[in-house]
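S.K.: Just need the structure, nothing else, for what follows:
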Amino acid sequence: MTTHTTDRMISRGLASLRQPAPAGLLGAVLGRLGLDDAYVRVEGPIGPLFVAFGRQGISLIERARDAGDFEHTFQAMFGRPVRRVDRAPEVIERVIDARLWGGRTHSGPVPVDLHELPDFEQQVLRKVLEIPRGEVRPYAWVAAEVGRPLAVRAVGNAVARNPIPFVIPCHRVVRSDGRIGNYGAGGPTAKRAVLEAEGMDTSEMERLPAAGVRFLGSDTTRIYCYPSCRNARRISSAHRVPLRSADDARRAGFRACRVCRPVDAPFRAA
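M.R.: Numbering: from 1, shown residues only. The predicted structure follows:
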């Protein structure tokens, strides 16, 4: 029996009592069983964050105004209380340091708890986890990678509902035309700030799409990439070839980078 099945059984049992259960009883029961959720306040790249976690991993991150707001949001989303603690478990601390600040890479899968989301949203967010720090990918890339190349709008909706921003880096997903786009954790200004904290030149990111450039090729390797790809950044200005589409790249004799795996957006993509 899973932790979440046990949690739901306890919640239903308390709800079925003839008299309402005392406030705080669910949290006390879960705490006694070691199944309760906790949260910490940490510093993020654009201000304080509240990070909630349970036995399965991180479940919610928000730029809440205060602890009370965060606790209310958690209760409303998950139907159970969350308690504040001074420190997270070591594995959660390592993940926060690596994902928010580029600290020592956490080995193994990132412990995130997405079990309450639909399967498609889980697939999308786990793919977003793979986007490297200091790089971006368009919604069309995520759609292609999860095997749904025409579902760009659905991918956008899933990314917008990401409950674990910063750790699952939805700020690294941009519009399919390459422009920065919106951001649920504070809008485009916040998105630029987070990307710049990772060392990206957001002015250059916006300049290339404005000029119709989607990809960059190397006239020596004959490989083309997304402009933020680590391989594209190695191309010297003398050997850099701007490209408007994957079709243009292929017609010119370029092949796709195996690291960033560039794709064209489908017709009328979001």
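
S.K.: mind listing the strands for the protein?
M.R.: Remark: strands assigned in the chain by DSSP state E are 37-44, 47-54, 57-62, 82-84, 137-138, 173-174, 215-218, 223-225, 240-243, 255-256.

S.K.: and those as JSON lines, adding mean pLDDT, mean neighbour count and distance to L114?
M.R.: The C-beta positions use only the backbone N, C-alpha and C, and glycine is treated the same way. JSON lines is the format used below for the strands of the chain (pLDDT from 0 to 100; neighbours: other CB atoms under 10 Å; distance: least, CB to CB, whole Å):
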{"stretch": "strand 37-44", "mean pLDDT": "96", "mean neighbour count": "19", "distance to L114": "15"}
{"stretch": "strand 47-54", "mean pLDDT": "96", "mean neighbour count": "21", "distance to L114": "12"}
{"stretch": "strand 57-62", "mean pLDDT": "97", "mean neighbour count": "22", "distance to L114": "8"}
{"stretch": "strand 82-84", "mean pLDDT": "97", "mean neighbour count": "17", "distance to L114": "17"}
{"stretch": "strand 137-138", "mean pLDDT": "96", "mean neighbour count": "26", "distance to L114": "19"}
{"stretch": "strand 173-174", "mean pLDDT": "96", "mean neighbour count": "26", "distance to L114": "16"}
{"stretch": "strand 215-218", "mean pLDDT": "98", "mean neighbour count": "24", "distance to L114": "31"}
{"stretch": "strand 223-225", "mean pLDDT": "98", "mean neighbour count": "26", "distance to L114": "29"}
{"stretch": "strand 240-243", "mean pLDDT": "97", "mean neighbour count": "17", "distance to L114": "35"}
{"stretch": "strand 255-256", "mean pLDDT": "98", "mean neighbour count": "14", "distance to L114": "29"}
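
S.K.: Just tell me which of those strands ends up closest to P163.
M.R.: Nearest to P163, of all the strands of the chain, is strand 57-62, at 5.2 Å by CB to CB.

S.K.: for the stretch 151-270 of the chain, what spans make up the helices?
M.R.: 152-160, 187-197, 202-210, 246-251 (DSSP state H, counting those that start in this stretch).

S.K.: so where is this structure shaky, pLDDT-wise?
M.R.: Confidence mapping of the chain against pLDDT under 70 gives the ranges 1-35, 105-107, 267-270.
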